[in-house]
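>>> need a structure here:
(chains A and B)
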Amino acid sequence: MAETGEYFHRFPQSKSIDAVRWLSAVSAFDRFVAAAVHDPDASSSAAAAAIEIHSLTLATSPLSPSIGEPSLHVRSSWPSPSRISALRSSPTPHKHLAVAAATLSGSLHVLFVDPVDGSIDSELSIADRSLHAGLVSAVDLLEGGRECITAGEDGRVNMVTIGEARLDYRRVYDSRGLVSYTAARWGSPMEFATGGLGFGVQWWDQRKPGGLVSQLKCNWAQDKATGIVHSIDIHPSRKHICMVGGSSGTIFAWDLRYQQQPILLSGVGHDGRRVSVSESEVWEVQYDGHSRSSSVTSAASAKILPVMICSEDGILAVLEQGEEPTELLIEPCAINAFDIDPQNPSDVVCSLEWETIGILMRPRESIIA
Amino acid sequence: MPGRPSDPGSEAVVPFSPEFRDPVVYPVHHGVRPPLLRVYVAWSRGSLLHVACLRQPSPEPEPEDSVDEGEAGGKVVEVRLRAGEEGISEAQRRRIAYGSVPAFALLQSRKNSLMAMSRMSSSLLRGEWWQYVLEYSKNISELLGTRRLSSNMVIEDPRMVVQPSEEPTSLKAAWELMEIFYVDKQSLTWLPERLVDWSEDYDSLVTRTELTIHSKLVNMQKKLANVKVVEDDPDYWEGMSSALAVGWLDIVVKLLRFHGSYQLDQLDNRETENGLVEAVAVLVSTMPRLRPDPSSGKLGQFCKTRPDFIKAWEKWRGHLSKLECSAFWVQCSHDQTREGLQKLLKIMLGDITNITSATCHWMELLVSHLLYIRQFMAGLEGLNNLAHKCRQLKPTVHYNGLMSLLIGILEESPEVVLAECSKTFGPWMVAHGIELLTAGSDHADVLLHEERYSLGGISIEELHRLVYAQILSSHPLTCQIAPTYLASCPKQGIGLLEILLYKQPIQHHQVILKNLEICRLYELDNISVNVLKTAGMYNWKHGRRGFGIYWLQLARDEVRLNRIAQQLFKCIGKSLSDDSFKQWEGLLELLGTQVGSSGGLEFLHKYRDFKRTLKQVEDGRASNAARQAAESLIQLMRSPSTPQQFWLPLLHDSVKLLNWKAHPLLSVSETNLLLNKLQDLSMGKLRPDFVDADLPPSALSSIRLALATNLGRAILEEC
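Now for the predicted structure:
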């Protein structure tokens, strides 16, 4: 790895790290990472789960003067009543840094973090079972952090408005358990996508009655590799394409303009041929603003932008349509989540199965190149 | 196991182990009013103990007031047991466990591939093998902690002789000891020097109760900070001779330079004295050492081969004797300096009485012997004899783990080594250290790999891996790595892995998927099917019907899907009238259209299509839709998977089609088919499993009428 100039730092914690997110930074030297942690050894179940705000500082050391040696310190911690199943941070700061967390028991919590010292200023929550009956599998904050969608295994999709002192929610849809949702992502302030079983993807528009606009049929893969959608990402400049990652190393792009033909980046294709970066669960996908190949520089290009994925078999890789995947990390344990810093796309934080937070720093020069 | 409380009336539960002469009493606060009748103790998850305390049930019903107090007949208390062993926290222990997985897995896979090509010359394999084991050992050793200076040591204190480094762990000390003796074949030629290095690193750990040279030096250093004239202090000289006896040359040289005669204002008066001190310092720093790496930053002149060493040693000894007989000693006016320096010279010349008095315990004495008297000591037998002699000279009351481990190694007794590892360092050490032991000697190899009847046909090696794997699987965080160890157990590993996978929680889909991944890695298809079935039923019961069906579909469980289908049909029969169809949309998508994969549920798909076209008909769309609806009606009625209970509702829904104004939509034969079905239905009413459709009483007659009308029209049409 050293020859490509990437640095990977491991920060062992003493509890399991369920999710990690960057918080948009105010200062370039002191950045914050929100981590959802769980400690099964805690004396009471109430003290087991928490959200920790870590600050990442880069200290230049005599050993490596060019790249600072990062260090991670807990700034503040907020105890959660139940283990956290989904975590998102608001992409743009709005007086406070907002972090939305949903739990296994169906509650939603929004934390407001002070952008300067990383302390948790206030917290809003919907803690009863009215929002979701059971695990909330996905939560996503809208740009600006005023609205939030939640989707759960119980088949509910909710729109939560974050007010000054309270959270209000509106049920967008309730399948009453007939289907379950496992991923959700905003496309625009009015539209969002959800994902579920059998690689099904749904596109919702709040302006339309009923909300559901179109959906990718679950069985498009024709039983060759059916699976669960774990993560969806939508690029702000290409809102008509949902990038989807799921079971059996399947990563595909669903273009709303050509709904019947998802573009497979990895997984088992229609001809049964396997082109894949991994054979196990792809837990998260995100567009990677850092990797740019020469062919994609023109905005009109039909090619899909590079995406980063992490998987159960410990791979963190960047995928590009029609090219060999670039593996950034090959870990002996699962990488359960990662997040690309929206402000410094060269830096990636990830959570490893073995109670570790990892920070991957890629050389920044390549943006110019 | 039920037991009686030790002493009626007291609240203590007493664990008893024959190893302890005096049982240790841990009070458990259970809050149950004595007298206790019975105490049940059972292991729970991990190191959690469940203690159930039961009271004597009173023969007559309790008076009212005691019920009000909420007096329980007994209580179950959770007791968390912690191993209080030398400050390795649980989190650190887990970190070690995680870190050793890749090294262990790599070694096992190399072992397997070497076994596969074992037809090749075995000597070559053996040579290759120890390289692999050495690599493994180095990886693990690195994991157990690197000795680095703490960060506040950037500015070096000139008076600091013993560097305060991070506290080394016994675990690492034990691991390195085993590596020195069992794995590192290259080091065998310079074994004495490796032992010297080892004792330098871990001297502080060898005994907690007795004095060590390390603790002596630390104490002396504290004292020296406040002493102006160090050479007057007997501790200064004693500390130096001790450090020299075990070969910590840099410390000795550094200490010698503290000597008062180096100070500029005294240099003139004490010129001879200073000359002597410097001469000794030079001799100390040029001591010949038989070791290959001059890069280690240690003092001394390094000799790679034995002849070189002998030559250098003789020359050096010559210098020593010459200095000892020098006339300058008479001119040295400072008594302590003279005596101290001469003592140092004697130690270097190998004087047994001085060496013995300078060292604190037998291991230091042994090292000292290896340095100054028996540099060419080779072979464990000789070393063992020497160690035995040292133990007689410096008897130790309490042998701690490291000492016993070294004795076991020297006595070439793998059983003792194993027992010590297990007793002091725990199952992790045993499971991983066995690789070093078996690489070390054929005797141990046979001993540990032999299948034993008394262990149920498994070898000692497998037994210890199983024990370790069970400890891993008892904790939710380390449970993920237990399969690696179970998979390396040829006899019972896979069986236990299956049990482990069965016991995993199935509440959340991520966890299920992680378990399925393990099943996939170890090709346990039958387990994954069972996990899927369990998960399916769990989700179904908890109202997540889509997820339930999804898992059962993956498991291809026809039986359960059929049962579920029956339940679904009941729901649908009532609720799936018109508008609520949307609710079912997603589920129907999931079910797909393929026959056989969803146990009759694919019928719903066709049913949905039929309903949809029917709705278009009702909306007054073209007759095209009506024809389509009629077609799907016939398809549904022909299909064997359409449940009987839907026949009547289907027909009732399609009365409009039958009465289609423009022209009859169904042919004669098709109408006959429907009539036959209707007849079957009325006969089916007599059967016990018949489900009555929830329709108005007039429905049947209206269907009959419509069918008859349609038949008449169709006959006319076809004529």
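>>> which residues sit in contact with B:P643?
B:A565, B:Q566, B:F569, B:G600, B:F603 (CB atoms under 8 Å, 6 or more residues apart in numbering or on different chains). The C-beta positions use only the backbone N, C-alpha and C, and glycine is treated the same way.
>>> So which of the residues you listed are in strands?
Among these, no member falls in strands (criterion: DSSP state E).
>>> Could you work out the most separated pair of these?
The span of the contacts of B:P643, defined through CB to CB, is set by B:Q566 and B:F603 at 11.7 Å.
>>> Neighbour count: the two, which is higher?
B:F603 (21 against 14; other CB atoms under 10 Å in any protein chain shown).
>>> Quick check: that one touching B:S639?
Yes - between B:F603 and B:S639 there is a contact at 6.6 Å, judged by CB atoms under 8 Å.
>>> Quick check: mean pLDDT of the helix or strand hosting B:I407?
In the assignment (DSSP states H and E), B:I407 maps to helix B:401-410. Mean per-residue pLDDT for helix B:401-410: 87.
>>> what packs against that helix?
helix B:170-178, helix B:191-206, helix B:380-393, helix B:414-420 (3 or more CB pairs under 8 Å, 6 or more residues apart in numbering or on different chains; DSSP states H and E).
>>> In TSV, list the ones you listed along with mean pLDDT, mean neighbour count and distance to chain A.
Formatted as TSV, those follow (pLDDT from 0 to 100; neighbours: other CB atoms under 10 Å in any protein chain shown; distance: least, CB to the nearest CB, whole Å):
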stretch	mean pLDDT	mean neighbour count	distance to chain A
helix B:170-178	88	23	17
helix B:191-206	83	21	23
helix B:380-393	87	16	36
helix B:414-420	87	20	27
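>>> B:S89: what's it in contact with?
By CB under 8 Å, 6+ apart, the neighbours of B:S89 are A:S14.
>>> next one: phi and psi at it?
phi -80, psi 170 (degrees, to the nearest 10).
>>> re the thing from before, ok and the helix holding B:I407 relative to helix B:380-393, angle-wise?
Orientation of helix B:401-410 against helix B:380-393 (axes from the mean of the first three to the mean of the last three CA atoms, to 10 degrees) gives an angle of 140 degrees.
>>> Tell me the spatial nearest neighbour of the closest residue to chain A within the stretch 351-500 of chain B, not counting adjacent residues.
Residue of the stretch 351-500 of chain B nearest chain A, by CB to the nearest CB: B:P476 (4.6 Å). If the residues on either side of it in the chain are set aside, B:P476 comes closest to A:P40, at 4.6 Å by CB to CB, 6 or more residues apart in numbering or on different chains.
>>> can you tell me how far the one you found sits from B:C390?
48 Å (CB to CB, to the nearest Å).
>>> do A:L178 as well
On the measure of CB to CB, A:L178 and B:C390 end up 78 Å apart.
>>> So which of the helices and strands packed on helix B:401-410 is nearest B:I458?
Closest among the helices and strands packed on helix B:401-410, using CB to CB: helix B:414-420, at 15.2 Å.
>>> What are the contacting residues of the closest one?
B:178, B:401, B:404-405, B:407-409, B:430, B:433-434, B:437, B:441, B:443-444, B:447-448, B:460, B:464.
>>> how about the residue in the stretch 101-250 of chain B that chain A sits nearest to, secondary structure?
The stretch 101-250 of chain B approaches chain A most closely through B:P102 (4.3 Å), counting by CB to the nearest CB. Using DSSP: H, G, I helix; E, B strand; the rest coil, the structure places B:P102 in helix.
>>> can you check A:W254 too?
Looking at A:W254 with three-state DSSP, the answer is strand.
>>> Look up the residues forming beta bridges with it.
A:C242 (DSSP bridges).
>>> The helix or strand hosting B:A444 - what's its average pLDDT?
Using DSSP H and E, B:A444 sits within helix B:442-449. Helix B:442-449 carries an average pLDDT of 83.
>>> Quick one: name whatever helix or strand follows that helix.
helix B:460-473.
>>> any residues touching that next one, and which ones?
By CB under 8 Å, 6+ apart, helix B:460-473 touches B:97, B:418, B:422, B:427-428, B:430-431, B:434, B:438, B:447-450, B:452, B:455, B:458, B:478-479, B:481-482, B:485-486, B:488-493, B:496, B:500.
>>> Flag the shaky bits of chain A, pLDDT-wise.
In the predicted model of chain A, residues A:1-5, A:28, A:43-46, A:60-68, A:93-94, A:218-225, A:269-274, A:292-302, A:365-369 satisfy pLDDT under 70.
>>> Now do the strands in the stretch 201-350 of chain B.
B:288-290, B:301-303 (DSSP state E, counting those that start in this stretch).
>>> pLDDT on the last one, on average?
For strand B:301-303, mean pLDDT rounds to 80.
>>> That strand pairs with which strands?
By DSSP bridges, strand B:301-303 pairs with strand B:288-290 (parallel).
>>> buried residues in the helix holding B:A444?
Buried positions in helix B:442-449, judged by neighbour count with 16 or more other CB atoms under 10 Å in any protein chain shown: B:A444, B:D445, B:L447, B:L448.
>>> what separates the last one from B:V133, distance-wise?
So the one you mean is B:L448. 14 Å.
>>> repeat for B:E278
47 Å.
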